[in-house]
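Q: no sequence for this one, just the structure:
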Ligand SMILES: [Zn+2]
């Protein structure tokens, strides 16, 4: 058993308790007790540490990352979704080539900002072994993408091979999921096949949905950017969308899913999505860079859809620091009371995604996994707005524990 304490313990429990001079007693499996550090210290433990001027939070969760694109720094075009997608198509191969070192660096960056669990979208399986061998808890989403029916069989075989490989690695720290890339990039047979696999293995599904107005124009009016896209890249003059919005959403009616982005929903879409077993994941910086807009968080509240925040990949972000992402959200949503918003945002990178990823973490409570992040925040012991100040100032973890073990991030 170990005991750690800090100036403030942010539990993210039902009451959002913040314990000043708090402590956590834990072993490798789970949290045994939480309370005041001095009370817990009364018994004699071998391993005791108090972190002065620090905050302990549940280890953070980044629910949507494309690690395979970690080589991108400045190769892609931002400011317009179509320009960005064109640049992805043109640079995709070179960005994916020899990406192992960049993926490892991205993993270190992820751990360094206090993330202990991730939802990783994998297009080719290039990140499978690296992620499986990392200290992170991983929900590994095998992605399916493809438009030309001629290649359906090959795509299904390749997808199935990747899926089977990842399923073999299933462990308490590693689970498989399925990602349907998006309605514009996936024909109906491939989507149905992937959904069938998800049902068969009871896997969480992820999809990008209505990320751009170009996608909306395509699904609703069958025109705009994507008409030219299919002509330019697939030599298809007569391309038509594979779905209406409704028929795409129907695919998910019996699944548990994460819908990523959802920037261009109308009231009917909101109503339909709110009836599915779905959470929406928002990636504010990616949305700002590609689509000049932020997710309608207020509307999501009306439909009781809880917000989850993630970074997306380096293909549409300047880094994978979930705390930088949280800060962007904190400043972007000016209509909310800042202290209440800080709580919402912290939940969106801890407790809420934990409910979907199911690693028994995301909040600090007896019986939960011993996954915590510790951050130094100057003068936090005298602070009356701990959560807001944590989000304003935390950048790099002091220490990160996953399954009760301190992770040696520098030497990982
Ligand atoms: Zn994405």
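A: On my side now, so go ahead. All figures in this text were calculated on a predicted structure; none of them were measured in a lab. Residues are numbered from 1 along each chain as shown.

Q: give me the most central residue, this protein.
A: The centroid of the chain falls nearest to residue 63 when counting by CA atoms, centre = their mean (1.5 Å).

Q: helix, strand, or coil at that one?
A: strand (DSSP: H, G, I helix; E, B strand; the rest coil).

Q: quick check: it touching residue 115?
A: No - counting by CB atoms under 8 Å, residue 63 does not reach residue 115; the two are 10.1 Å apart. (C-beta placed from N, C-alpha, C; glycine too.)

Q: where do the helices of the stretch 201-350 of the chain begin and end?
A: 213-221, 225-234, 245-250, 267-275, 284-291, 297-302, 322-332, 338-348 (DSSP state H, counting those that start in this stretch).

Q: possible to save the ones you listed as a markdown table with mean neighbour count and mean pLDDT?
A: Output for these, formatted as a markdown table (neighbours: other CB atoms under 10 Å; pLDDT from 0 to 100):
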| stretch | mean neighbour count | mean pLDDT |
| --- | --- | --- |
| helix 213-221 | 19 | 97 |
| helix 225-234 | 16 | 95 |
| helix 245-250 | 17 | 97 |
| helix 267-275 | 15 | 97 |
| helix 284-291 | 23 | 97 |
| helix 297-302 | 15 | 94 |
| helix 322-332 | 20 | 98 |
| helix 338-348 | 19 | 97 |
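
Q: any chance of the ones you listed in a markdown table, plus distance to residue 41?
A: A markdown table is the format used below for the helices of the stretch 201-350 of the chain (distance: least, CB to CB, whole Å):
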| stretch | distance to residue 41 |
| --- | --- |
| helix 213-221 | 56 |
| helix 225-234 | 62 |
| helix 245-250 | 53 |
| helix 267-275 | 47 |
| helix 284-291 | 41 |
| helix 297-302 | 41 |
| helix 322-332 | 30 |
| helix 338-348 | 27 |
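
Q: for residue 242, what are its contacts?
A: Applying CB atoms under 8 Å, 6 or more residues apart in numbering, we find residue 242 in contact with 147, 183, 186, 187, 188, 191.

Q: return a ChimeraX selection command for the buried portion of the residues you listed.
A: Buried residues within the contacts of residue 242, by 16 or more other CB atoms under 10 Å, are selected in ChimeraX with:
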select :147,183,186,187,191
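
Q: so which of the contacts of residue 242 sit within helices?
A: Members of the contacts of residue 242 lying in helices (criterion: DSSP state H): 188, 191.

Q: out of the contacts of residue 242, which one sits closest to residue 307?
A: Distance ranking of the contacts of residue 242 against residue 307, using CB to CB, places residue 183 first at 22.3 Å.

Q: if we can go back for a sec, closest one to residue 17 among the helices of the stretch 201-350 of the chain?
A: helix 338-348 (11.7 Å).

Q: alright, I will stop here.
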